[in-house]
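Chemist: The following comprises the amino acid sequence and a computationally predicted model.
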Amino acid sequence: QVQLVESGGGLVQAGGSLRLSCAASGRTFSGYVMGWFRQAPGKEREFVAAISWSGVTTYYADSVKGRFTISRDNAKNAVDLQMNSLKPEDTAVYYCCRRFDYSGSINLPRGYDYWGQGTQVTVSS
């Protein structure tokens, strides 16, 4: 059974930081690009960041570039998202996911097959 489990969400004041973690089961992880998306109430799911299997290449949405950092530890089957200088507009449920379709743009949700259950991030002003 494929599983992605996120943790680390919570309530933080604007300007604060949070670190999200995603734990992946076994073969879920090996050789795949991993990503983070988020979804705010009433909005579509949007791309946040992604990282190559080697960890050398990273991708970020313009809205989080310079504030968020994605990283991975392949030995631990884990991918993290360090979020700094948080803003109220970062409030959303954050999802970890695995990319399986490399033909389209990296920021499209349909290119990812397995998703975690999500973790809530709330940034107060």
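Modeler: That came through, no problem. Numbers count the residues shown, from 1 in each chain.

Chemist: ok, now which ones touch residue 121?
Modeler: Residues counted as contacts of residue 121 (Cβ atoms under 8 Å, 6 or more residues apart in numbering) are 9-10, 12, 18, 20, 38, 83, 86, 90-94. From N, CA and C alone the C-beta is placed, and that goes for glycine too.

Chemist: between the residues you listed, which is nearest residue 61?
Modeler: residue 38 (9.1 Å; Cβ to Cβ).

Chemist: So for residue 11, what's the nearest residue that isn't a sequence neighbour?
Modeler: In space, not counting the residues next to it along the chain, residue 11 is nearest to residue 122; the distance is 4.7 Å by Cβ to Cβ, 6 or more residues apart in numbering.

Chemist: Please work out how many residues are found near the one you found.
Modeler: Close neighbours of residue 122, defined as other Cβ atoms under 10 Å, add up to 15.

Chemist: Are there helices or strands packed against the helix or strand bottoming out on mean pLDDT in the chain, and which ones?
Modeler: Taking all helices and strands of the chain together, the one with the lowest average confidence (mean pLDDT, DSSP states H and E) is strand 112-115, at a mean of 94. With contacts defined as 3 or more Cβ pairs under 8 Å, 6 or more residues apart in numbering; DSSP states H and E, strand 112-115 has these neighbours: strand 92-99.

Chemist: Please save the CA atoms from the strand it packs on in CSV.
Modeler: As requested, C-alpha coordinates have been extracted for strand 92-99 and formatted as CSV (Å, rounded to 0.1, in the frame of the first residue of the first chain):
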residue,chain,number,x,y,z
ALA,A,92,-4.2,26.4,3.3
VAL,A,93,-4.1,22.6,3.5
TYR,A,94,-0.7,21.4,2.3
TYR,A,95,-0.4,18.1,0.5
CYS,A,96,2.7,16.0,-0.3
CYS,A,97,2.5,14.1,-3.6
ARG,A,98,4.5,11.9,-6.0
ARG,A,99,4.9,12.9,-9.7
